[in-house]
Structures are given as C-alpha cells and as structure tokens.
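Q: Based on what follows, work out the 3D shape:
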Amino acid sequence: MAPTVVYDSLPVISSTKDVEPTPFQAMCHGPTIPGIPSFKTLEEKRQWQLEHMASAFRVFARHGYTEGMSGHISVRDPIHTDAFWMNPLGVHFGMLRASDMILVNLNGDIIGGKRNRPINAAGFLIHAAIHKARPDVHAICHTHSTFGRAWSTFARPLDMINQDVCNFYNAQGVYAEYGGLVLCEEEGRRMSKALGPTGKGLTLMNHGLLTVGKTVDEAAYLFRLMEKSCEAQLLVEAAAANGLQKQIIRDEEAAYNFKMASEAESLYCEFQPEYEYEEFLTGGAFKA
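A: Next up is the predicted model:
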C-alpha cells in the first residue's frame, strides 16, 4: 500500500506586500509545487525513502553511471537512526527495487532488508564515516561516472563557470590522497574530513564523485549536476587550452545563486522530474 503523503501548504507570493518568499517559493510564479512530504508514521516514511532510493538507481542506470559492481547510495533509516540502507553488491542499478535494499548499522551489522546478498565493503566504510560525522546528511551517492572520474584526475574543485554549478559554491571538497580501494576505516574518515561539516559534493582524486543531501532526491540531483558540471568543465578547459578565456562568476553572484537554489526543498524538487519520468517509463516497478 502506498504511503500516506501529506504535503505542507505553502502560500502564493503574489506581490511585494507579502512577506519575503523562501528560496523555494521564489522559484514558483503562482502556486508552489509540492515539496518534501511528511508522513503519518515512520514506517510510511521508510517505504517512501526506499522507493525514491530505488528510483535514483534507475535514473543513474539510464544515464550510464554503472561500472561493474562499483557505486552505491545510502539512506539513513528514520526508525533506526544509527543505521542506513544500501544497495546489494553486484545488482545492476537498472534492476533495483525498494525491496532489494539492505539495512546496516554504523557498526557494520546487517539488521534488516534483503539479506541474501552482501553490500559493498568499501562503500560501507565511506558511507558509515560520513553518516557518523554528519547527522544532517540523510543520503549519500557515489558512482564511478565517466566525467567525474576524468575531472577527478586534476584533484581540483569545480570552477563557478555557470549558474548551475553555483549549487556547490563553497560547498565542495577535494580528497587528494588516493589510497587505492577503501578497505580501512581511516580512509573513510579522511574522505569525510575532506567533505567537511557543510560540504554537498566531494571530488575523490583518481576515483570519482560523491554527493550528500537531506533526502536521497537531493543527493541524487546533486550527483547528476556534479557529473554534468565535470563534463562542462572539461569542455571549457579544452577550449581554454586553445586560447579562449574563462569567465568565472563573481563571488557575490555565486553566493546569491547558492542561497536561492541550493537548499533542501528546492533540490528535492529538482529531482522530481527525473523521478516522475522513471515512474512513467517503468509503471512504478521500482517501488515493489
């Protein structure tokens, strides 16, 4: 049975006499679109999270972020707050459903979900370290996407070269200490430190990208955005190598863009077109 979803009612901002709109309201001319829902029970919220987690994997598959058994998403459980859901190792992103996910606590104990497959050991160490250090983070995305891997070889943050990448203004880190496959807790802790207390995106040198969010929708949208921003940056660097000059957005404008666009409600809504398209393509098969 589908979760009971309750959407908070937000006022229409119609004139300068009204109170100042929130960044989310400012995006809408007229009535606001539904934002992050609330639920009558934590069980319903859990099911909703798992459905959106599965849809994020399907979206990632559709955009070609698969690479063998690499890549993982985690979502903090609303009931066992010291545990998070992860995808089973070795199942293609495009086949994942809500019922396939595995619940693991911060100590590494499998405590729920589908137990007939393992989770990614390196993925657990990375996600556990970030979930421990960042109580505000409810979801983490990491894959070995093509342009993220390419840009990561430079061990540089993305430049503010367009409006969209400003969602990462002063909120991106670089982990420039590549230590091979992550098979020890210390490596995960170093990655978490590189992300920082307020980071939204992390470039892992010679490895790929990682994003976080208050919802899996936010983290997934930011991952898509960061991957496409890496592609744009690589194109710009190639053009600049032939003598064209880059124009970087000034700090004042970049900070304004970040304030108005890079907040949880807006970033959740940014992912909904992808979610709804995936639901349309599959008839909601990922919810099972």
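Q: List the contacts of stretch 129-140.
A: Residues outside stretch 129-140 that contact it (Cβ atoms under 8 Å, 6 or more residues apart in numbering): 53, 73-76, 84, 106, 126-127, 185, 188-189, 191-193, 195, 197, 210-216, 218-220. Backbone N, C-alpha and C define where each C-beta goes, glycine included.
Q: got a list of what residue 185 touches?
A: 125, 128-129.
Q: Read off the pLDDT value for it.
A: Residue 185 carries a pLDDT value of 86.
Q: List phi and psi for it.
A: With angles defined as degrees, to the nearest 10, residue 185 sits at phi -60, psi -40.
Q: Next one: it relative to residue 85, how far apart?
A: 20 Å (Cβ to Cβ, to the nearest Å).
Q: follow-up on the earlier one: ranking the contacts of residue 185 by neighbours, who comes first?
A: For the contacts of residue 185, the largest number of neighbours (other Cβ atoms under 10 Å) sits with residue 128, at 24 neighbours.
Q: Assess the claim that that residue and residue 119 are in contact.
A: No. Residue 128 lies out of contact with residue 119 (Cβ atoms under 8 Å); the separation is 10.7 Å.
Q: list the residues that contact both of the two?
A: By Cβ under 8 Å, 6+ apart, no residue touches both residue 128 and residue 119.
Q: longest helix anywhere in this structure?
A: In the chain, with assignment by DSSP state H, the single longest helix is helix 216-240.
Q: So what's the model's average confidence on that helix?
A: The average pLDDT for helix 216-240 rounds to 98.
Q: Can you give me the buried ones in it?
A: By 16 or more other Cβ atoms under 10 Å, the buried positions in helix 216-240 come out as 216-233, 236.
Q: again with stretch 167-180
A: Neighbour-count burial for stretch 167-180, with 16+ other Cβ under 10 Å as criterion, is recorded at 167-169, 171-175.
Q: Dump that stretch to CSV, restricted to CA.
A: Backbone C-alpha positions of stretch 167-180 (Å, rounded to 0.1, in the frame of the first residue of the first chain) are rendered in CSV as follows:
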residue,chain,number,x,y,z
ASN,A,167,24.9,24.9,-6.1
PHE,A,168,28.3,23.9,-5.0
TYR,A,169,29.7,27.3,-4.1
ASN,A,170,31.8,27.0,-1.0
ALA,A,171,30.2,23.6,-0.5
GLN,A,172,32.6,21.2,-2.3
GLY,A,173,35.7,19.4,-1.2
VAL,A,174,38.5,17.5,-2.8
TYR,A,175,40.1,14.3,-1.4
ALA,A,176,43.6,14.3,-2.9
GLU,A,177,45.1,11.4,-1.0
TYR,A,178,44.2,8.4,-3.2
GLY,A,179,45.0,5.3,-1.3
GLY,A,180,43.6,2.6,-3.5
